[in-house]
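Student: this is the structure alone, sequence omitted:
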């Protein structure tokens, strides 16, 4: 089994990509040629709150990553909201309206119970509990009717362990794309869930372990990342006094967070959130994207500058800058004709 220890996704991506290029086994898939590890892989994130990835070659969409994580935490599965941030995601919906395997819906509604509430209840009552498990895989629909759905959960279960006033999580995964899943969207989704759960339990964020039975990457995508250099501490670039940047708390007042999150989806500009992250970071990200989609780059940059979490601020500004450069290049080509 392969094991990688990393502060966050930037370091993890470099280490795992390097190992896959060196020892990965070629495989033909329905999506094209790929390389895969020949045994399961375990990734240990030592600083899960350092969840934002900055590689320009990777060109991760930070707007989509954060908005999808919030959408999950709210227990939603509608196509309409996330489609605004990723126009291709609707291709994974069976009917163009909902997603069959949406993680957040599985956490909070699928099994007719809110698994997050039940997990908090158990861990509050028995802090050393070893039975607190979230299920995302439902054999009744995902195994028996596996060929009837486009969207099946890749992450299948989450295990919680509370020790020494820290909450660790272990995520198990059946199949993961190294670039788009493991070190892209998944680390954002699961680390935000971890931070949310830790806040509700009144403890600190511990380690995040990600175990995948099949870790792979597509050859054409790997080629685009051939020359990336290791970023072992990208958070230093936005820190002060030579220290790594410490992101602000995602949840300040857990008692009202769920209610405020639902309010945020109805009205992101609601001025009275006591959980300040929702407005000062999430709303600014959402409004920046809205301007970008309306071809108002100046407005998009203006809102991005107001994002309070400097990690998301940096990622959003850099992503917008790359689009601005491409726009200017297209404009020059058009004028030269």
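Tutor: Structure received. Source: prediction; values computed, not measured.

Student: which helix or strand contains residue 168?
Tutor: Assigned by DSSP states H and E, residue 168 falls within strand 166-173.

Student: tell me which strands that strand pairs with, and in which orientation.
Tutor: Looking at strand 166-173 with DSSP bridges, its partner strands are strand 155-163 (antiparallel), strand 204-212 (parallel).

Student: pLDDT averaged over the helix or strand that that strand is followed by - what is it?
Tutor: Per DSSP H and E, the first helix or strand lying C-terminal to strand 166-173 is strand 176-177. Regarding strand 176-177, the rounded mean pLDDT is 96.

Student: who are the packing partners of strand 176-177?
Tutor: strand 215-218 (3 or more C-beta pairs under 8 Å, 6 or more residues apart in numbering; DSSP states H and E). For the C-beta atoms, the positions are set from N, CA and C on the backbone; glycine is no exception.

Student: can you name every helix or strand that the strand it packs on contacts?
Tutor: Applying 3+ C-beta pairs under 8 Å, 6+ apart, one finds that strand 215-218 contacts helix 9-23, strand 25-29, strand 32-36, strand 176-177.

Student: name the residues of the first one that are buried.
Tutor: For helix 9-23, burial by neighbour count (16 or more other C-beta atoms under 10 Å) applies to 9, 10, 11, 12, 13, 14, 15, 16, 17, 19, 20.

Student: switch these over to CSV; also include pLDDT.
Tutor: Formatted as CSV, the buried residues of helix 9-23 follow (pLDDT from 0 to 100):
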residue, pLDDT
9, 95
10, 92
11, 94
12, 95
13, 96
14, 95
15, 96
16, 97
17, 96
19, 97
20, 97
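
Student: make TSV from these and add distance to residue 228 to it.
Tutor: Formatted as TSV, the buried residues of helix 9-23 follow (distance: C-beta to C-beta, whole Å):
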residue	distance to residue 228
9	12
10	9
11	11
12	12
13	8
14	6
15	11
16	12
17	7
19	14
20	13
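
Student: so which of these is the closest to residue 95?
Tutor: Nearest to residue 95, judged by C-beta to C-beta, of those is residue 9 at 32.2 Å.

Student: the closest one against residue 54, yeah?
Tutor: No. With contact defined as C-beta atoms under 8 Å, residue 9 does not reach residue 54; the gap is 9.3 Å.
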